[in-house]
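>>> How does the following fold in three dimensions:
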Amino acid sequence: MSSLAHFHFLRPEWLWLLLPAILLIWAIWRVQRSPDGWGSVMAPHLLEQLQTSSEESSAMLRPHTLVSLMLLIAVLALSGPAWQREASPFSEDRSAAVLVLRVSPEMLASDIQPSRLQRAMHKIHDLLELRAGTRNALIAYYGSAHLVMPLTSDAEVIESFAAGLEPGVMPQEGDAVADAIRQANGLLSQAGAAGSIVLLTDAIDAAAGAELAKLKGADVHILGLAAGPEVVPPVDSPPAPALDMNSLRQSARALGGTATAVTIDDADVRQLARRIERSFINAPPEEGERWRDEGWWLLLPLAALLLLLFRQGGAVVLR
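Just a heads-up that it's a prediction; the model follows:
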């Protein structure tokens, strides 16, 4: 975004200094044109003959002209002219991600080995490994949503806390996926980070899906952690519905993201990582960026004008 159509001032309140600056310039020019000095003791026709042509030709270099220009340029520089963006020095080079994990009894089903929940742990490990050096957070939900780890670049800490999650530690039953997504958006907003949300779940019930459609925020990419209806789960597997990718895709579209089915290799995780980065690239420029202050360019002509005052007769006096 470099078009001058976006020109504005970062600190427009400094433009109020133009009022006293203009008054000061008016006073300077009024003194220069007054009959004081030589004009008060010498006849005008004699004073005119004593003025050299070089003085007339260098009117733009006279001290009062230079000081007037310096005042105007200084005010404009202080006001922070800007027309293009730059990456914030405090923002991450790559997108942040909030991992939202469903921790329910159904996630203990072993239709995918060793279980849906354990496979989720493996996928979290693989994703964090692919995104080494970036900030990630972890939220667990079932009937309620809970922050497990805020945004951090320490992948080992996230994996350690994730390993301790099981349905028995969740206080309520239900499907609080909407609350979890809201909490994830809050994390990204508070951090001022451009990022995405990765929802690791085996299902989203109809009521929760309808609530998700009302949410606004970061893109949500869903990883479906279940086998399809063609897979017969082991006899000792806890009962759980088969993967319904259609409902997951519908929810993902409502949240501006995508849905990916779990795979036995890391193809699903690599796809997720690419989608997270794509969401970061396509994010609004307000996220992770700031307007570049171009006022410092005005210091160059300001310094040049100041140097011209360091010469004989380069003083301005207000009487």
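
>>> For the stretch 51-200 of the chain, give me the ranges with low pLDDT.
Applying pLDDT under 70 to the stretch 51-200 of the chain flags residues 51-61, 85-94.

>>> can you pull out the strands in it?
81-82, 85-87, 96-102, 136-141, 145-152, 195-201 (DSSP state E, counting those that start in this stretch).

>>> Would you format these as TSV with mean neighbour count and distance to M245 included?
No exception for glycine: its C-beta is placed from N, CA and C like everyone else's. Below are those laid out as TSV (neighbours: other C-beta atoms under 10 Å; distance: least, C-beta to C-beta, whole Å):
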stretch	mean neighbour count	distance to M245
strand 81-82	19	46
strand 85-87	13	36
strand 96-102	27	16
strand 136-141	25	21
strand 145-152	17	24
strand 195-201	28	12
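
>>> Helices along the stretch 1-150 of the chain, start to end?
Secondary structure of the stretch 1-150 of the chain (DSSP state H, counting those that start in this stretch): helices located at 18-33, 44-50, 53-57, 63-78, 116-130.

>>> Same check on the stretch 201-319 of the chain?
Counting by DSSP H, counting those that start in this stretch, the stretch 201-319 of the chain has helices at residues 206-212, 245-254, 267-281, 299-309.

>>> Point out the other helices and strands that the first one packs with.
Applying 3 or more C-beta pairs under 8 Å, 6 or more residues apart in numbering; DSSP states H and E, one finds that helix 206-212 contacts helix 177-191, helix 245-254.

>>> circling back: quick check: which of the helices of the stretch 201-319 of the chain is nearest to H122?
Nearest to H122 among the helices of the stretch 201-319 of the chain is helix 267-281 (9.1 Å), distances taken as C-beta to C-beta.

>>> what does the closest one contact?
94-95, 97, 123, 126-127, 130-131, 194-196, 198, 218-219, 221, 223, 257-258, 260-262, 288 (C-beta atoms under 8 Å, 6 or more residues apart in numbering).

>>> Need the buried ones from those selected in ChimeraX.
Only the buried entries of the contacts of helix 267-281 go into this ChimeraX selection, using 16 or more other C-beta atoms under 10 Å:
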select :94,95,97,123,126,127,131,194,195,196,198,218,219,221,223,257,258,260,261,262,288
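
>>> deepest of the helices and strands packed on helix 206-212, which one?
helix 177-191 (a mean of 20; mean count of other C-beta atoms under 10 Å).
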